[in-house]
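Asker: have a look; sequence and predicted model below, questions after that.
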Amino acid sequence: MARQTTPMLSGWGRLSRPGKEVFSEDLKALSQNAVLSRGLGRSYGDSALPPPGHLEVATTTLADRILSFDETSGILRAEAGLSLREMNRLFLPRRWFTPVTPGTQDVTLGGMVAADIHGKNHHVEGTFGRHVRAILLRVADGRLIECSPSQEPELFWASVGGMGLTGHILEVAFQMLAITSPWIYEARETVPDIETLAAALKDAAPDWPFTVGWLDCLGKGRGILVRGRWAEAKKAPSDPPPPLSAVTVPFELPNWVLNRWSMRVFNIMTYYVQGSSSGKIVHPETFFYPLDKVRHWNRIYGRRGFIQYQCVLPWAGGPDAPQRFLDVLGEQRAAAFLCVVKDCAEEGQGMLSFPLPGISIALDLAVDARTQTLVDRLNETVLAPGGRVYLAKDAFTREEHFRGMEPRLDAWLDVRKRWDPELRIKSAQSVRMLGDSA
Amino acid sequence: MKVALFGGTKGIGRALGRLLAEKGHKICLLGRNPEELLASSNDLRIRGGTLHTMGTAICDLLKPETFAPALASAEEQLEGLDTVIVTAAQFGSQPELETDRERARELLIVNFAHTVTFCEEARRRLLDRGGGTLCVLSSVAGDRGRKPVILYSASKAGLSAYLEGLDHKFRSKGLKTICVKPGFVKTGMTAGLAPPPFAGEPEPVARDILRAIERGTPLVYTPAIWRYLMMVIRYLPRFVMRRISF
């Protein structure tokens, strides 16, 4: 006989807690009285998990209709559950692309607004929020509010990057970007350390819309600088990019598979295999979403689960701030995998938007008994020069650390309180980190 | 193709409509809610990327008087009609239907009597035009009476029998009848249920259905594994069926 067990739910990092997804094509009905909305569950920690005492979250993925698209202006309006994968499949061949993309296409439009996602082109296009023209929100008292930079601007900018805590995002209208071809021209080179990488990212910024760095923070600290731009129509293949095949990690691997040594081997191989190329045309999915080629790659971390730690260190903190951060990582003997470095420009208008002018560092860490201490140490290192962490990745940051990092928090909390005085909309993360009552 | 799609705003019908639109077919959506119809037809038009207008017509499985006008309107908007697809239906779990007699009566009428009435109207119109394809979603549930879905199974068993008979009689006259038997598919209709093993997604199911329409396959199980699962279930002896809760 089937036993009655509590259903469990987790973010991409697979740290689970009691929770259950409720699906419907009808977001207006689904969002009535819901405690939280959830998209494709790609936030790593507890952003899209229900707060203690609640079980159900409203998952938007069945509400994925495109409501309008203007071929001349490029403005697209769709229901919040539309995935970026679907948008790319439909619009890349027509030479339209999202102005800002994260590192995976398995995110929803609603999630892109809620996390105010950024990408490799932050130094050019800013965060996704800059390109959002309007959103339809179900606020806590049940009303439907259309808001935009000119209509209820406070609610709008509190919702851009507000992690879905100001209201349920039902519809999003945003400006698509016209591209010269759906292919990418890419150039790579190797760099000896993070300081050189940070300088190289800055140097490349005026000429390259897309820049990203990868760092081997287990070995010698060397890395790869990757730069890209949309290929010119004449130099790109005339065919649209074909669908790429993907492999699937079929089950949870044992915890020991991913360890310091296997990660080192992987990093050394990456350095030599992908290190440098003088410039070539690549598939846009290979360029933007290399990890999407391995479905369920989060299973390689095994039962223990993992977190991604992503922070931004302001340029004002001095050129050696990134190295100091890596030193703390080394002192804690943290086995950090897949360290990605990005250049961030101006802070967005979203009241809790993550990027600020500086260098963003993201690394994956398997969870163990020392993770809380490690995150505390890293947070102190980030806090000192005025940096901050990315809520969509976070699972361990303490309330006092987040408050220290986020001078804009009180203003945001004021707006949230005005629209939701009883704090009916909340998440496991908001209870853990913003002090919401469970 | 010129397709009247009844139930294309949600679930498998939505996925099938998108597939048809992307292949450049003309579609008229039939359904009961005008706003939903409009939103879905816009979605199809944008996805299709063509200048085809996607039509809409009000049609409600609870109201048989809407069937003929809806199909007439579809014929007019599409300037012809060669394919009618029915994905609309009701679902109810057995405990729910056992306690709510009115819901049970409605489900039996909608899924069987009214669906068949709609198909009769579609059959006449397609035959008048010299033939075409009538593709209707029944269910694997109709293959055997089972404890968790007795009434739903019964409504779908009746529908499957009707569709088979129709195909026998009219295929030689140019009307292909296609009975689709989806297994468990993750859609809004089944959102409250725990997905069993072999649960399918709407997009691959829609691809299977389109292939059956293109080839004129009279009976299709989708996902395909359900053909074999149901073969086993059909031959399970009664004393076993009484014991298991499946």
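Answerer: Noted; the coordinates are in hand. Residues are numbered from 1 along each chain as shown, chains lettered A, B, ... in the order given.

Asker: going forward, measure contacts and count neighbours with C-alpha atoms only.
Answerer: Fine.

Asker: and what about B:Leu20, helix, strand or coil?
Answerer: helix (DSSP: H, G, I helix; E, B strand; the rest coil).

Asker: neighbours around the closest residue to chain B within the stretch 101-250 of chain A, how many?
Answerer: Residue nearest to chain B within the stretch 101-250 of chain A: A:Glu171 (12.4 Å; C-alpha to the nearest C-alpha). Neighbours of A:Glu171 under the rule other C-alpha atoms under 10 Å in any protein chain shown: 25.

Asker: with A:Pro102 instead?
Answerer: Neighbours of A:Pro102 using other C-alpha under 10 Å come to 20.

Asker: per-residue pLDDT, it?
Answerer: A:Pro102 is assigned 97 on the pLDDT scale.

Asker: shouldn't it be in contact with A:Ile117?
Answerer: Yes. The pair A:Pro102 / A:Ile117 is scored as a contact, 6.2 Å apart, by C-alpha atoms under 8 Å.

Asker: got a list of what the nearest residue to the residue of the stretch 101-250 of chain A closest to chain B once chain neighbours are set aside touches?
Answerer: Spatial nearest neighbour of A:Glu171, excluding adjacent residues (C-alpha to C-alpha, 6 or more residues apart in numbering or on different chains): A:Glu79 at 4.4 Å. For A:Glu79, the contacting residues are A:63-67, A:109-110, A:170-172, by C-alpha atoms under 8 Å, 6 or more residues apart in numbering or on different chains.

Asker: and if you look at B:Val180?
Answerer: B:135-139, B:209, B:219-222.

Asker: most neighbours of all the residues you listed, which one?
Answerer: Counting neighbours by other C-alpha under 10 Å, B:Ser138 leads the contacts of B:Val180 with 30 neighbours.

Asker: pLDDT below threshold where in the chain?
Answerer: By default, I'm working from chain A. Applying pLDDT under 70 to chain A flags the ranges A:1-4.

Asker: was after chain B, sorry
Answerer: Those would be B:50-52, if you go by pLDDT under 70 across chain B.

Asker: per-domain residue ranges of chain A.
Answerer: The record's domain parsing of chain A by automatic domain parsing lists A:8-59, A:66-179, A:184-237+A:251-404.

Asker: looking at the chain, which helix is longest?
Answerer: Let's take chain A. helix A:260-274 (DSSP state H).

Asker: you looked at the wrong chain, it should be chain B
Answerer: From DSSP H, the single longest helix across chain B is helix B:150-170.

Asker: can I get the following helix or strand past it in CSV? Just the C-alpha atoms.
Answerer: Moving toward the C-terminus from helix B:150-170, the next helix or strand (DSSP states H and E) is strand B:175-182. Extracted in CSV, the C-alpha atoms of strand B:175-182 (Å, rounded to 0.1, in the frame of the first residue of the first chain):
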residue,chain,number,x,y,z
LEU,B,175,-14.2,10.2,-43.9
LYS,B,176,-11.3,9.0,-41.8
THR,B,177,-12.1,8.7,-38.1
ILE,B,178,-9.2,8.7,-35.7
CYS,B,179,-9.7,7.6,-32.1
VAL,B,180,-6.8,8.8,-29.9
LYS,B,181,-6.3,7.1,-26.5
PRO,B,182,-4.0,9.2,-24.4
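
Asker: what sits up against the following helix or strand past strand B:175-182?
Answerer: Scanning forward in sequence from strand B:175-182 by DSSP H and E, the next helix or strand is helix B:202-215. Contact with helix B:202-215 is made by B:11-13, B:15-16, B:19-20, B:133, B:135, B:178, B:180, B:182, B:185-187, B:218, B:220, B:222-223, as judged by C-alpha under 8 Å, 6+ apart.

Asker: can you tell if stretch A:17-34 touches chain B?
Answerer: Yes. If you take C-alpha under 8 Å from any C-alpha of the partner chain as the test, stretch A:17-34 does meet chain B, through A:22-25.

Asker: need those in a markdown table (columns: neighbour count).
Answerer: Supplementary listing: the residues of stretch A:17-34 next to chain B in a markdown table, determined by neighbours: other C-alpha atoms under 10 Å in any protein chain shown:
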| residue | neighbour count |
| --- | --- |
| A:Val22 | 18 |
| A:Phe23 | 23 |
| A:Ser24 | 23 |
| A:Glu25 | 23 |
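
Asker: dump those residues into a markdown table; add distance to A:Leu253 and secondary structure as well.
Answerer: Formatted as a markdown table, these follow (distance: C-alpha to C-alpha, whole Å; DSSP: H, G, I helix; E, B strand; the rest coil):
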| residue | distance to A:Leu253 | secondary structure |
| --- | --- | --- |
| A:Val22 | 28 | strand |
| A:Phe23 | 29 | strand |
| A:Ser24 | 33 | coil |
| A:Glu25 | 34 | coil |
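
Asker: show me the two of those residues that sit farthest apart.
Answerer: A:Val22 and A:Glu25 (10.5 Å; C-alpha to C-alpha).

Asker: rewinding a little: mind checking which of the contacts of A:Glu79 land in helices?
Answerer: A:109-110.

Asker: among the contacts of A:Glu79, which two are most distant?
Answerer: A:Leu67 and A:Gly110 (14.2 Å).

Asker: more crowded one of those two?
Answerer: Taking other C-alpha under 10 Å, A:Leu67 and A:Gly110 do not tie; A:Gly110 has more neighbours (30 against 21).
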